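Undergrad: build me a model:
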Amino acid sequence: MQRHVLGILAILSLAAGGFLLLKPDLFDTQVTLSAMGIRIGMVLAVLWLAFPHLEALPNSLMMLIIIAGVGLAIIARWKQLIPIAAVMLIVVLVLRPKTKKSR
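TA: Numbers count the residues shown, from 1 in each chain. Here you go, the predicted model:
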């Protein structure tokens, strides 16, 4: 992923969220979609700012961060999936690649 693409997507998401927030009564889910656009834009803007530091992270750590974020989003939406998420977390921790120190 390139840094300028993150910046452009952040600007577009923030603009779309702001447009939906300011434009009155387009459709029923307008407030939800505007909040979603603004939040996604803010997260992308933070990733854009932190991009040089993120390149230094190992790929396995980045994947763990992404999996944890998606897992937390799913749990926040569907609370009954907490036991399944706990089992999946244990599986990920057990099956992750071993470092030289832990061998």
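
Undergrad: report how many residues lie close to residue 95.
TA: 8 (other CB atoms under 10 Å). In this view, the C-beta of every residue, glycine as well, is placed from N, C-alpha and C.

Undergrad: for stretch 35-49, what is the distance to the chain centroid?
TA: Here stretch 35-49 is found 9 Å from its chain centre; the criterion is CA atoms, centre = their mean, to the nearest Å.

Undergrad: do you have the helices of this structure handy? List them.
TA: Ranges of helices in the chain, per DSSP state H, are 3-22, 30-54, 59-77, 82-95.

Undergrad: can you put these in CSV and add mean pLDDT?
TA: Converted to CSV, those look like this (pLDDT from 0 to 100):
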stretch, mean pLDDT
helix 3-22, 88
helix 30-54, 86
helix 59-77, 76
helix 82-95, 79
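
Undergrad: center of the protein - which residue?
TA: residue 69 (5.7 Å; CA atoms, centre = their mean).

Undergrad: what about residue 34, how many neighbours?
TA: 19.

Undergrad: was I right to think residue 7 contacts residue 48?
TA: Yes - the pair residue 7 / residue 48 is scored as a contact, 4.7 Å apart, by CB atoms under 8 Å.

Undergrad: distance of residue 12 relative to residue 54?
TA: 20 Å (CB to CB, to the nearest Å).

Undergrad: please read the previous query as pertaining to residue 87.
TA: Distance from residue 87 to residue 54, by CB to CB: 29 Å.

Undergrad: next: residue 28.
TA: 37 Å.

Undergrad: ok, those two, which is more surrounded?
TA: Of the pair residue 28 and residue 54, residue 54 is the one with more neighbours under other CB under 10 Å, namely 16 against 8.

Undergrad: give the contact list for that one.
TA: Residue 54 makes contacts with 47, 62, as judged by CB atoms under 8 Å, 6 or more residues apart in numbering.

Undergrad: appreciated, that's everything.
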